[in-house]
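> Return a 3D structure for these sequence lines:
(3 chains)
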Amino acid sequence: MTEPKMPLWEVFIRARSGLAHRHVGSVHAADAEMALQAARDTYTRRGEALSIWVVPSAAITASDPADKDSLFEPTASKPYRHPTFYDIPSEVGHM
Amino acid sequence: MYTQALNQADTGSKLVEDADKLARFEAKIDAEERIEPNDWMPEAYRRTLVRQISQHAHSEIVGMLPEGNWITRAPTLRRKAALIAKVQDEGGHGLYLYAAAETLGVSREELIDQLLSGRAKYSSIFNYPTLTWADIGCIGWLVDGAAIMNQIPLCRTSYGPYARAMIRICKEESFHQRQGYEIMLTLCRGSAEQKAMAQDALNRWWWPALMMFGPPDAASVHTEQSMRWKIKRFTNDALRQQFVDATVPQAHFLGLTIPDPDLRYDEASGHWRFGAIDWEEFRQVLAGNGPCNRERMEARRRAHEEGAWVREAALAHAAKRRARAAAKIAAE
Amino acid sequence: MTTIAITETPLVLSLLRLADTALVHSHRLSEWCGHAPMIEEDLALANLALDLLGQARALYTYAAEVEGAGRTEDDLAYLRDAPQYRNVLMAELPRGDFAFTILRGFLLSAWAHPFWQAATRSTDAQLAAIAAKAEKEAAYHVRHTGEWTIRLGDGTDESRRRMLAALEALWPYSGELFEADAADRAMIAAGVLPDPATIRPAWEATVTRVFDEALLPRPADGWMHTGGRSGRHTEHLGHMLAVMQHLQRAYPGCSW
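I've put the predicted structure just below:
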């Protein structure tokens, strides 16, 4: 008999107040509540968390590495989005 | 730890890879960039990684058994807590590693099936028995000591998810070796019987610990390719020597004798030179003939089979909940 | 070292009852480590075991301090025989299958949570401090074992059959959680321990809520086992202690 697959969840943890949730790993669980508990029992054993998100791995849409050039290269040619593009005399002071 | 998988011949068929993609992949590796799950990678790289990461994961899971054997007999409550936490960590590390392997397109169920059907290997060290409490000290001191030596370089391995899992594992494992050494120290400072227990355990674990690094470089099929791909960062022999150099003075501090009559300090190189390893024993243990191979696999199979109804029930309940939620929405 | 004899004042006895129940239950949970149905659960059960072990250690240390005979937590755990153990019988029953483990964990933590919650208001400052920590741990134990109870009760035919069998086996041990003898009454009167009668409604409410969702029947309160809290145990505790205490007994007086 083939073992039915237990869904995979991605785990995100807020380590300290003020920080964003950060991806820390994955767990397997049948549903969201058990995934949350598994994430707590697996990834917060040393006091690493103030908050946990679990997201079904299947719900994540990722960009294709093959699209890297078309997605991310064009921004390299737009230096005017960056403050250093503009010349301001130093006498003006910090801006 | 547990990079013995790299020493098995790759029997997969040679695929004709796209030369351009291969060149770009190798340039990335050379530039110390990380390869991520969806990136193009040579089939052999993927196969080697799945084999190495899953073997590492299996080793963590099977590795829970020899130490778990003493959880119910830990001699103090403090030791009991530390041992439960340590064996639990190993389960966690197995979990992180299975997840890293899963990013390569293989499911945990398939990986576990490979282990239980005997197609996948795990580290030879866990096929040795834990006969006395001193074995728990020796495992922490020697086995985890060897593991750390192997694992720290893997934090820089070229595959991103593996490297990140290793960083977390190394951080968590830092207490394991100290826990073991403290047990040894307490025994060696205790009664004559306790010290004899410690020496006996060292006698039994020393050579298997040296074998953990895998066969000598000259006989290691995969080392060269894996080094080039930065899946592996030091050779078996280099790591083994590093381990011996670090461990011999620790044994002396304990007042224990390393069970190797040929062991001597080489002033010129600054290394401890050790005697010949019995590679036939290593080969036999890997082939399934170690003292505990059968018990370890039986214990894992039993846990898996006896847990099947639990996993089925969890999935069945989740399906019922989804159906109820859908029915509720349909009714509204 | 040979078996020690403890001077059981009402406070020492009460602390030993709580400590022994936590330790023995922790020991049973720890037997799963490496053998659970999935790795996630190996970690979860080990966390429960570690919480309970931590509670036991704090309680033993305090009991030894109150006794004032210079003993340690390990003396109390390792050098008393089964008749001197004061845990409730439910905690010592063999590990059983996962349904049994989950249901036992649920019934005990559904009692422990309101118990520790009330004990945070104990007139005994040290016990109140132990309770403050234990209360949070117990709340998670109720959540974890409660959610599993629901999934196994309302999962497959097999999981339901196993839960019903576990329920039939465990329920007759639930009465002991609410007993009060002379020592307990002295502690209740002094405001040291909560009255079990005040714990019962919260326990009932938790059990009813979870059983309703798990589609499990709440059994009628018939005849109940008793004796653990005064040292009359099942046959299982002696075996458990023989294993647990082996090294301390075989090599008396050693440090480990």
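> show me where chain C has strands.
Using DSSP state E, chain C contains no strands.
> which stretches of it have low pLDDT?
Scanning chain C with the threshold set as pLDDT under 70 gives C:1.
> switch the cut-off to 90
Along chain C, the model assigns pLDDT under 90 to residues C:1-3.
> How about the residues of it by chain A?
For chain C, the residues in contact with chain A (C-beta under 8 Å from any C-beta of the partner chain) are C:38, C:39, C:40, C:43, C:44, C:47, C:140, C:143, C:144, C:147, C:151. Every residue, glycine included, has its C-beta placed from N, CA and C.
> now, among those, which is nearest to residue B:53?
When the residues of chain C next to chain A are ranked by distance to residue B:53 (C-beta to C-beta), residue C:39 comes first, at 14.9 Å.
> Please tell me how far that closest one sits from residue B:282.
According to C-beta to C-beta, to the nearest Å, residue C:39 stands 28 Å off from residue B:282.
> more neighbours, those two?
When residue C:39 and residue B:282 are compared for neighbours, residue C:39 comes out ahead with 28 against 20, by other C-beta atoms under 10 Å in any protein chain shown.
> coming back round to it: could I have the ChimeraX command that selects the buried members from the residues of chain C next to chain A?
Buried members of these, defined by 16 or more other C-beta atoms under 10 Å in any protein chain shown, are picked up in ChimeraX with:
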select /C:38,39,40,43,44,47,140,143,144,147,151
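> The residues of chain C next to chain A in helices, which ones?
Under the assignment DSSP state H, those contribute C:39, C:40, C:43, C:44, C:47, C:140, C:143, C:144, C:147, C:151 to helices.
> give the contact list for the third one.
It refers to residue C:43. A:38, A:41, A:42, A:45, B:88, B:91, B:92, B:95 (C-beta atoms under 8 Å, 6 or more residues apart in numbering or on different chains).
> tell me the contacts of the third one?
In other words, residue A:42. So residue A:42 contacts A:11, A:25, A:27, B:92, B:95, C:40, C:43 (C-beta under 8 Å, 6+ apart).
> Among the residues you listed, the buried ones, what's the ChimeraX command?
In ChimeraX, this line selects whichever of the contacts of residue A:42 come out buried by 16+ other C-beta under 10 Å:
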select /A:11,25,27 /B:92,95 /C:40,43
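> Which members of the contacts of residue A:42 occur in strands, if any?
Using DSSP E, the contacts of residue A:42 in strands are A:11, A:25, A:27.
> helices and strands of chain B: which one bottoms out on pLDDT?
Of all helical and strand segments in chain B, the minimum by mean pLDDT, DSSP states H and E falls on helix B:223-228, at a mean of 80.
> other SSEs contacting it?
Contact here means 3 or more C-beta pairs under 8 Å, 6 or more residues apart in numbering or on different chains; DSSP states H and E; on that basis helix B:223-228 packs against helix B:43-62.
> How about the contacts made by the residue of the stretch 151-256 of chain C found nearest chain A?
Residue nearest to chain A within the stretch 151-256 of chain C: residue C:151 (7.4 Å; C-beta to the nearest C-beta). Taking C-beta under 8 Å, 6+ apart, we find residue C:151 in contact with A:30, A:34, B:313, B:314, B:317, C:159, C:214.
> Residue B:154 now?
The contact partners of residue B:154, by C-beta under 8 Å, 6+ apart, come to B:3, B:162, B:163, B:166, B:232, B:233.
> what's the closest non-adjacent residue to the second one?
When the adjacent residues along the chain are set aside, residue B:162 lies closest to residue B:100, with 4.9 Å between them (C-beta to C-beta, 6 or more residues apart in numbering or on different chains).
> any idea whether that neighbour is helix, strand or coil?
What DSSP: H, G, I helix; E, B strand; the rest coil gives for residue B:100 is helix.
> which residues sit in contact with it?
By C-beta under 8 Å, 6+ apart, the neighbours of residue B:100 are B:53, B:57, B:159, B:161, B:162, B:164, B:165.
> can those residues go into TSV with extra columns for neighbour count and secondary structure?
Listed next are the contacts of residue B:100 as TSV, based on neighbours: other C-beta atoms under 10 Å in any protein chain shown; DSSP: H, G, I helix; E, B strand; the rest coil:
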residue	neighbour count	secondary structure
B:53	31	helix
B:57	29	helix
B:159	30	strand
B:161	24	helix
B:162	25	helix
B:164	18	helix
B:165	28	helix
